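J.: Any chance you could fold what I've pasted below:
(chains A, B, C and D)
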Number of protein chains: 2
Amino acid sequence: MATLDDVARRAGVSTATASRIINGSSKPVSAALRDRVEAAVADLHYVPNAHARQLAGSGRTAVGVVVHDVSDPYFAEITRGLQRVATTDGRLVIICNTYRDPARELDYVELLRAHQVAAMVLAGSGYHDAAFARSLRGKLRAYELSGGRVAVIGRHDRAGDAVVPDNEAGGFMAGEHLYALGHREIGVIAGPRNLTTTTDRLTGIRRAARTHGRPAPKVVYADFDRDSGAAATGDLLSAHPRLTAIAALNDSMAVGALAFLRDVDRRVSVIGFDDMPIARDVTPALTTIRLPLADMGAQAMSLALSPASPDPRVERVPASLVERASTFPP
Amino acid sequence: MATLDDVARRAGVSTATASRIINGSSKPVSAALRDRVEAAVADLHYVPNAHARQLAGSGRTAVGVVVHDVSDPYFAEITRGLQRVATTDGRLVIICNTYRDPARELDYVELLRAHQVAAMVLAGSGYHDAAFARSLRGKLRAYELSGGRVAVIGRHDRAGDAVVPDNEAGGFMAGEHLYALGHREIGVIAGPRNLTTTTDRLTGIRRAARTHGRPAPKVVYADFDRDSGAAATGDLLSAHPRLTAIAALNDSMAVGALAFLRDVDRRVSVIGFDDMPIARDVTPALTTIRLPLADMGAQAMSLALSPASPDPRVERVPASLVERASTFPP
DNA sequence: CCTCCCCAGGTAAGCGCTTTCCCGGGCAAC
DNA sequence: GTTGCCCGGGAAAGCGCTTACCTGGGGAGG
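T.: Numbers count the residues shown, from 1 in each chain, chains lettered A, B, ... in the order given. Down below sits the predicted model:
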């Protein structure tokens, strides 16, 4: 590849001058030299080496994002928000998928640190895993000590800038909605046990049950994806045939539940969580607990991009009920 | 941040030795030194600077991916496939969203080149834009000349490694399906005019019309997203009230069409294109032309990661009809 | 006409690594 | 007892940039 040296030589100037022209430095340069350098750049298809540039100390420019899985609509929406503000700020975004593997998350934090990103945002639930939490905390602290910025979405285990959706309240609203409809016994399709999002939402639903003096909901664990949601519905219904309503802890699983119910031709209320874009288009349209996903992403990126503040900023994001056609009285 | 120098000093060795130990070089090193260096690394939370490393010439490791929009299910699926093989190969993936802006695409190609990626894959339709094509070709050529690898998905305007879905045949199948069902006049919700994917699919549908001796389909252009699909359906139906079937050139728009039809309570056949994951869960379940999106992504990444071959490899991907509930006789 | 200052432009010192080449010491072979 | 090798380890040369610092020449002021 052509280097700055090549450009400078071809234009008959020093690399310093070439560099200044290419970067629009504030130092004045005569028009003649500028033209020559620009011509050389064009002729050579020259593109400055980003690594060399970064090494030479022209400020960190990229930002990192760690999500569970971009192709999951939940994260896709969040990512959309993240990207929007990062792009506005003229930054390259490096997206990393952990596929919900804590070890991979740790690796990615290292990798992002190695790439000297200016900031990183960790989106997606934390894990119930003390060793993991400790290790992550250590790496993050080291990163921040070296001037890095970090913001998280939905992890309360960490002191620092964060955007935290009110999962507990959302869970409560879901339960309340179902009980208010007249359901007495409800089932819950939970996400992976080791995720804090799962526990938070579940806690909310259980509180609703207590508040309404109903028996504790029947819980079965799945993987936050459609197919496991469908399978879990089968399990739930065969173990507890009298269930009249099911709360799924995210929309993907709710969609799976709907599919299963359609197949076996049973009429059971289903409520989801997140309100991902297609929730309104499935059959029946999904009642769900809405979280402003794209906004959450945007907020998190804004936090990460703004200078560190002495006391951590925590943006609480309220959940809200969106009633559609998938819930009804028993 | 701690540097290799810090580590070496703390361990009482030269940077050369520290580097060898950290990178697991083949050069033998005594166990004692190894332990000391490893301890220093842990104490200092040392992470090698990826830029310095890359500059010093330890081979390109990252790969770049340019898509229209990761949060679009179409690209989300493709990306899933891309990531799968890239990760297996131990590579960092940099994802760039163009939001269908050719200028942005050009910028990202430069950026990826600046970051010295080992390979890049361009996913998503090409544009009908000669100036753009020329410019892109120039940049890509310069990149390849410097040893970079590139693979594209679905662009026949470029000679080189490519994965190309048979959009024309898919369009034909969609039309044929509708005509076989007995529809005489059909409407088409097309994507943006400047995308080659749009034209290819449209060409297929028109050929089906000719083959069946039917009038040319009524075409209206939208943006490949749900809401524009819904709006386009309204336009189509008010302009041509006698239409009994609609072919949408992607699933998102088909979902929008379904929503519109539901709202106005009209029964019109709808066929989509792509078979994105939720196609089976909407109401009615969407008949569509299936493309193995994740596989296409995986294939493209494999091509990009394999050494360049003298003659371009082109993997043709067949489309197939998936019949569900959204299409029926008039 | 000389001095001083200012400014366009160049020189060169790193940034944090990898890697080639070199060095010195210990051992086997003669 | 020499000579010659091999092998663990270090010195140092870059990789492609940015930027602080220096330089030389022209214009203004005396």
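J.: Find the closest residue to chain B in chain A.
T.: Chain B sits closest to residue A:283 of chain A, with a gap of 2.8 Å, by Cβ to the nearest Cβ. (C-beta placed from N, C-alpha, C; glycine too.)
J.: got a list of what that residue touches?
T.: For residue A:283, the contacting residues are A:258, A:262, B:281, B:282, B:283, B:284, by Cβ atoms under 8 Å, 6 or more residues apart in numbering or on different chains.
J.: which stretches of the stretch 51-200 of chain A form strands?
T.: Using DSSP state E, counting those that start in this stretch, the strands of the stretch 51-200 of chain A run over residues A:63-67, A:93-97, A:119-123, A:149-153, A:162-165, A:186-190.
J.: who's in contact with the shortest one?
T.: Which is strand A:162-165. A:151-156, A:291, A:296, A:299-300, A:303, A:312-317, A:319.
J.: let's see 10 Å
T.: The contact list for strand A:162-165 (Cβ atoms under 10 Å, 6 or more residues apart in numbering or on different chains) reads A:78, A:81, A:121-123, A:150-156, A:197, A:200-201, A:273-274, A:289, A:291-293, A:295-304, A:312-319.
J.: Now that strand: buried residues?
T.: A:162, A:163, A:164, A:165 (16 or more other Cβ atoms under 10 Å in any protein chain shown).
J.: mind listing what it pairs with, with the direction of each?
T.: Partners of strand A:162-165 in the sheet, by DSSP bridges, are strand A:149-153 (parallel), strand A:314-317 (parallel).
J.: Also compute the angle for the helix or strand bottoming out on mean pLDDT in chain A relative to strand A:119-123, please.
T.: None of the helices or strands of chain A scores lower by mean pLDDT, DSSP states H and E than strand A:93-97, at a mean of 87. With axes from the mean of the first three to the mean of the last three Cα atoms, to 10 degrees applied, the angle from strand A:93-97 to strand A:119-123 works out at 30 degrees.
J.: tilt between strand A:93-97 and strand B:63-67?
T.: Using the same axes, to 10 degrees: strand A:93-97 against strand B:63-67 is 100 degrees.
J.: So which elements touch strand A:93-97?
T.: For strand A:93-97, the packing partners by 3 or more Cβ pairs under 10 Å, 6 or more residues apart in numbering or on different chains; DSSP states H and E come out as strand A:63-67, helix A:73-88, helix A:102-114, strand A:119-123, helix B:73-88, strand B:93-97.
J.: Can you lay out these as CSV showing mean neighbour count?
T.: Shown next, in CSV, are those (neighbours: other Cβ atoms under 10 Å in any protein chain shown):
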stretch, mean neighbour count
strand A:63-67, 26
helix A:73-88, 23
helix A:102-114, 19
strand A:119-123, 28
helix B:73-88, 23
strand B:93-97, 23
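J.: Would you convert these into CSV that also reports distance to DNA strand D?
T.: Putting the helices and strands packed on strand A:93-97 into CSV (distance: least, Cβ to the nearest atom of the strand, whole Å) gives the following:
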stretch, distance to DNA strand D
strand A:63-67, 19
helix A:73-88, 21
helix A:102-114, 16
strand A:119-123, 19
helix B:73-88, 25
strand B:93-97, 19
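J.: Quick one: residues contacting residue A:168.
T.: Residue A:168 makes contact with A:199, A:200, A:201, A:202, A:203, A:204, A:205, A:206, A:207, A:319 under the criterion Cβ under 10 Å, 6+ apart.
J.: give me the beta-bridge partners of the residue most central in space within chain A?
T.: In chain A, the centroid-proximal residue (Cα atoms, centre = their mean) is residue A:123; its distance is 3.4 Å. Beta-bridge pairing of residue A:123 under DSSP bridges involves residue A:153.
J.: Helix or strand: which one has the residue in the stretch 201-330 of chain A that DNA strand C sits nearest to?
T.: For the stretch 201-330 of chain A, the residue closest to DNA strand C is residue A:308, as judged by Cβ to the nearest atom of the strand, at 20.2 Å. If you go by DSSP states H and E, residue A:308 is not part of any helix or strand.
J.: Excluding sequence neighbours, find me the nearest residue to it.
T.: Nearest residue to residue A:308, sequence neighbours excluded (Cβ to Cβ, 6 or more residues apart in numbering or on different chains): residue A:149, at 6.0 Å.
J.: what's the burial count for that neighbour?
T.: When neighbours are counted by other Cβ atoms under 10 Å in any protein chain shown, residue A:149 registers 21.
J.: between the helices and strands packed on strand A:93-97, which gets nearest to residue A:55?
T.: helix A:102-114 (12.7 Å; Cβ to Cβ).
J.: picking that back up, what pLDDT does the model give the residue of chain A closest to chain B?
T.: Looking at residue A:283, its pLDDT is 85.
J.: and it, backbone torsions?
T.: Main-chain dihedrals, residue A:283, degrees, to the nearest 10: phi -120, psi 130.
J.: ok, residue A:86 touching residue A:65?
T.: Yes. In terms of Cβ atoms under 10 Å, residue A:86 counts as a neighbour of residue A:65; the distance is 8.2 Å.
J.: what residues are shared contacts of those two?
T.: In terms of Cβ under 10 Å, 6+ apart, residue A:86 and residue A:65 are both contacted by the residues A:79, A:93, A:119, A:121, A:297, A:301, A:304.
J.: Redo those as JSON lines? Include distance to DNA strand C.
T.: Shown next, in JSON lines, are the shared contacts of residue A:86 and residue A:65 (distance: Cβ to the nearest atom of the strand, whole Å):
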{"residue": "A:79", "distance to DNA strand C": "30"}
{"residue": "A:93", "distance to DNA strand C": "23"}
{"residue": "A:119", "distance to DNA strand C": "19"}
{"residue": "A:121", "distance to DNA strand C": "24"}
{"residue": "A:297", "distance to DNA strand C": "31"}
{"residue": "A:301", "distance to DNA strand C": "26"}
{"residue": "A:304", "distance to DNA strand C": "23"}
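J.: and these, which two are the farthest apart?
T.: Among those, A:79 and A:119 lie farthest apart (Cβ to Cβ), at 15.1 Å.
J.: returning to that earlier point: what about the contacts of residue A:283, which are in strands?
T.: Among the contacts of residue A:283, no member falls in strands (DSSP state E).
J.: Out of those residues, who's the most crowded?
T.: Compared across these, residue A:258 has the highest neighbour count, 27 neighbours, by other Cβ under 10 Å.
J.: State the distance from residue A:188 to residue A:273.
T.: Separation of residue A:188 from residue A:273 (Cβ to Cβ, to the nearest Å) stands at 10 Å.
J.: of those two, who's got more company?
T.: Set residue A:188 next to residue A:273 and count neighbours by other Cβ under 10 Å: residue A:273 wins out with 32 against 28.
J.: Tell me the secondary structure of the more buried one, please.
T.: Following DSSP: H, G, I helix; E, B strand; the rest coil, the label given to residue A:273 is strand.
J.: Report the contact partners of it.
T.: A:74, A:165, A:167, A:170-171, A:173-174, A:191, A:197, A:201, A:204-205, A:247-254, A:279, A:286, A:288-291, A:319.
J.: Just the buried ones out of these, please.
T.: Buried members of these, scored by 16+ other Cβ under 10 Å, are A:74, A:165, A:167, A:170-171, A:173-174, A:191, A:197, A:201, A:204-205, A:247-254, A:279, A:286, A:288-291, A:319.
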